[in-house]
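Enquirer: A structural model of the following input is requested.
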Amino acid sequence: MGLAPDPSALPALAAAVATPAFLTEVVMLLVAAALIAYLSHRLGLVPIVGFLVTGMVIGPNALALIRNQELVNGAAELGVILLLFTIGIEFSLEKLARIKRLILGGGGLQLAITTGLTTVILMPFGVSWRAALFTGFLVALSSTAIVLKLLAGRRETDSPVGQASVGILIFQDLAIIVLVLLTPILGGARGSVVDIAVALGKAGVIIVAVLLIARRLMPRVLEDVARTCSQEIFVLTVIAICLGTAALTNLAGVSLSLGAFVAGLMVSESKFSSHALAEILPLQVLFSATFFVSVGMLLDLRFLADHFPFILGVVVAVIALKTVTAGASVWLLGYRPAAALAVGLTLAQVGEFSFVLQSAGAEVGLMPAGVAGSGPQTFIAATVLLMVATPALFAAARRVSGAAFRLDRTRRVAGPATEPAAGDMVGHVLVAGYGEVARRLVPALAREAVPFVITTLNPAGAREAEERGWRIVRGDAARRQTLSAAGLPEAGVVVVADHAPLDAERVVEVARGLRADVPIVARVQSPGHVRDVRRRGATAAVVDEIETAAGVLRAVLEHAGKDEERVAARVTTERELWIASAAESRWRYLDPTQPVAFRPAAPAACRHVETIRPVTPSADGCESCLRIGDTWVHLRVCLTCGHVGCCDSSRHRHATAHYRDTGHPIVRSGEPGEDWAWCFVDEVTVNGRE
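Expert: Just a heads-up that it's a prediction; the model follows:
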């Protein structure tokens with residue numbers, strides 16, 4: 001008997017397999033953005049221009065491939081939030097305090113001069129003072145998203161001109177609160193100065209409260225999350241901090257983007273800021289691209305073609321006006337003319353928040369330049385063209401100002417409001433991972449005064465290295481941002497020291513993609529992996545841990561210019577120490593017949609020392625690793641039950657897993673000659689009694 005389909009089920013089946021409507025538009029948006037951005041790159045244009053052009057082409061005023069404007073706008077809003085969040089992480093509260101004069105002085109002057117001059121220029125043409133003042137508000141605002149994207153891409157956020165630009169942009173983002181509240185008053189609607197004062201007071205209280213909490217709470221939260229060694233939990237936590245803080249500050253009337261910037265400042269107070277930045281960047285790139293596409297979609301190409309000469313004149317006038325006013329605002333603070341000109345050109349566009357302000361004005365009858373018909377579309381067309389021109393203006397600013405705009409490590413042309421920053425290391429050793437090889441290598445480098453930077457995801461390893469005074473970057477070495485933060489562009493040698501085979505390949509590939517000329521030495525776990533890391537770009541691959549450390553040490557010392565005899569002597573001495581240590585391999589194991597005791601020093605470092613008692617080790621090594629046939633780095637003994645587990649530098653972190661399962665608070669180091677314990681609850685080291 002055959003089986004015939006039930007006709008009544010066909011509509012449900014078709015609905016089940018139908019492509020969701022939003023997916024088609026999302027795919028079109030991403031494919032078009034990728035294609036046009038690639039073509040723009042081949043033409044020598046920056047990706048931002050490509051994204052803006054994409055919006056013009058696929059928008060409702062051209063091919064109309066995208067009809068769900070709300071979907072695009074939502075993604076664009078996320079893009080701005082994530083962009084400002086990443087900038088906040090890179091900036092930090094300390095840097096913000098350092099440029100407070102630029103924020104209040106430079107930003108206040110720029111907004112006042114630009115608004116006033118625009119009003120004075122428009123009124124002789126018959127524009128009412130209300131409409132002229134409103135237009136001044138629109139023109140005064142610059143694009144936070146574009147300028148910060150360009151500065152971050154060139155790593156010039158900390159340069160003198162970068163700091164001046166950021167200071168003015170922060171003031172503008174704060175001022176938008178007042179401008180939005182003033183707009184109904186200008187339009188004749190209800191509102192008063194008291195309303196503005198109340199709104200500002202609420203915003204100020206929320207921001208101050210968030211920043212105070214950040215100082216005390218955020219470092220501990222990220223430390224606890226990082227200790228889980230779960231990338232998924234860490235990423236989710238970081239995103240929750242970003243969006244949650246933005247939403248909270250938005251309740252007080254502060255823009256979402258400014259709230260996201262504040263969230264970034266919170267995270268910047270943690271030691272894990274570099275790790276957070278590396279994890280969030282891929283999302284930020286995706287959604288910020290959507291933002292620029294959404295801006296391009298606003299432009300009506302037919303209107304632009306019909307009124308191009310007039311719109312071009314408006315664009316030129318705005319560039320001239322804002323270059324003069326923004327430049328004058330920082331020149332009055334003591335910046336040299338070249339740097340002031342660079343700031344003016346950098347901020348010469350009209351910003352995304354002007355669209356918000358323009359919509360608020362339209363609700364109360366205020367139009368750009370008082371023109372009701374073509375005024376709004378002229379404003380949109382000029383704004384989009386200014387955004388398209390911003391990368392070229394940015395490049396022109398760098399050429400015109402010369403050394404004043406380049407990343408000036410000596411700060412010789414800086415304005416008076418900036419302070420010198422510590423110089424980055426050059427020619428240092430970038431050690432990716434902090435395990436057995438790194439623990440052998442870096443003390444030898446320190447003894448020879450060779451500079452190095454260590455990257456690690458392990459909180460315990462990072463803390464151990466920091467206690468020795470070594471420079472640490474917390475983050476995944478397979479992320480471009482982590483390697484950049486560790487100074488890969490200036491590094492002399494990269495050592496991929498303690499990674500699993502596939503992870504080592506990823507690190508080598510990313511490092512080689514960032515630097516084609518840097519020597520990369522990778523330690524692999526078997527001869528079969530040598531070819532794999534060499535194919536990914538490693539200069540050399542070594543299997544044996546001791547020979548890896550010795551070979552890397554030799555290469556580094558030769559690179560540092562040490563003479564041959566000194567290099568040979570140092571390598572021989574270190575190799576003998578390592579071999580002697582390896583020969584005593586039984587130090588890795590414990591005697592299950594001998595009790596382990598620990599006498600904490602007085603006064604005790606934590607409140608859980610009362611639980612300590614003599615215990616018998618549960619095994620002669622990490623019992624879980626022995627069970628699965630794996631190895632470990634260091635051993636830890638639970639001082640409550642005697643469980644023997646491996647440390648957080650080991651692959652499986654069984655000591656920490658035992659604490660999570662049982663709640664037993666204190667473990668003792670199982671290393672020979674080490675008399676200390678670690679309290680998981682209080683997160684402190686308990687020293688033994690001498």
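Enquirer: thought residue 488 was touching residue 512?
Expert: No. Using CB atoms under 8 Å as the test, residue 488 is too far from residue 512 to be in contact (10.3 Å). (Glycine included, C-beta is placed from N, CA and C.)
Enquirer: So these two - more neighbours on which side?
Expert: Per other CB atoms under 10 Å, whichever of residue 488 and residue 512 has more neighbours is residue 488, with 22 against 17.
Enquirer: Now do the contacts for that one.
Expert: When contacts are counted by CB atoms under 8 Å, 6 or more residues apart in numbering, residue 488 touches 430, 494, 511, 514-515, 518.
Enquirer: try it again with 10 Å
Expert: Taking CB atoms under 10 Å, 6 or more residues apart in numbering, we find residue 488 in contact with 428, 430, 432, 453, 455, 477, 480, 482, 494, 510-511, 514-515, 518.
Enquirer: again with residue 151
Expert: Neighbouring residues of residue 151 by CB under 10 Å, 6+ apart: 87, 90, 157-159, 161-163, 165-166, 169, 346, 394.
Enquirer: how about JSON lines for those, with distance to residue 535 added?
Expert: Listed next are those as JSON lines, based on distance: CB to CB, whole Å:
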{"residue": "87", "distance to residue 535": "37"}
{"residue": "90", "distance to residue 535": "34"}
{"residue": "157", "distance to residue 535": "36"}
{"residue": "158", "distance to residue 535": "37"}
{"residue": "159", "distance to residue 535": "38"}
{"residue": "161", "distance to residue 535": "43"}
{"residue": "162", "distance to residue 535": "39"}
{"residue": "163", "distance to residue 535": "43"}
{"residue": "165", "distance to residue 535": "43"}
{"residue": "166", "distance to residue 535": "42"}
{"residue": "169", "distance to residue 535": "45"}
{"residue": "346", "distance to residue 535": "43"}
{"residue": "394", "distance to residue 535": "39"}
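Enquirer: Secondary structure for those - can I get that in a markdown table?
Expert: Shown next, in a markdown table, are the contacts of residue 151 (DSSP: H, G, I helix; E, B strand; the rest coil):
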| residue | secondary structure |
| --- | --- |
| 87 | helix |
| 90 | helix |
| 157 | coil |
| 158 | coil |
| 159 | coil |
| 161 | helix |
| 162 | helix |
| 163 | helix |
| 165 | helix |
| 166 | helix |
| 169 | helix |
| 346 | helix |
| 394 | helix |
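Enquirer: Tell me the buried residues within these.
Expert: When those are checked for burial by 16 or more other CB atoms under 10 Å, the buried set is 87, 90, 157-159, 161-163, 165-166, 169, 346, 394.
Enquirer: thinking again about what came up before, what residues are shared contacts of residue 488 and residue 512?
Expert: Common contacts of residue 488 and residue 512 (CB under 10 Å, 6+ apart): 494, 518.
Enquirer: which residues in this protein form strands?
Expert: Assigned by DSSP state E, the strands in the chain fall at 429-432, 452-456, 472-474, 493-496, 520-523, 540-542, 635-638, 644-646, 666-669, 676-679, 684-687.
Enquirer: domain ranges for the chain?
Expert: Domain ranges of the chain: 22-404, 429-583, 589-687, per automatic domain parsing.
Enquirer: got JSON lines for those domains, with mean pLDDT too?
Expert: Shown next, in JSON lines, are those (pLDDT from 0 to 100):
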{"stretch": "domain 22-404", "mean pLDDT": "80"}
{"stretch": "domain 429-583", "mean pLDDT": "78"}
{"stretch": "domain 589-687", "mean pLDDT": "82"}
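Enquirer: And the residue nearest to the spatial centre of the chain, how far from residue 480?
Expert: Centroid-nearest residue in the chain: residue 277, 2.7 Å away (criterion: CA atoms, centre = their mean). Distance of residue 277 to residue 480, given as CB to CB, to the nearest Å: 11 Å.
Enquirer: same thing with residue 440?
Expert: The gap separating residue 440 from residue 480 is 28 Å, by CB to CB.
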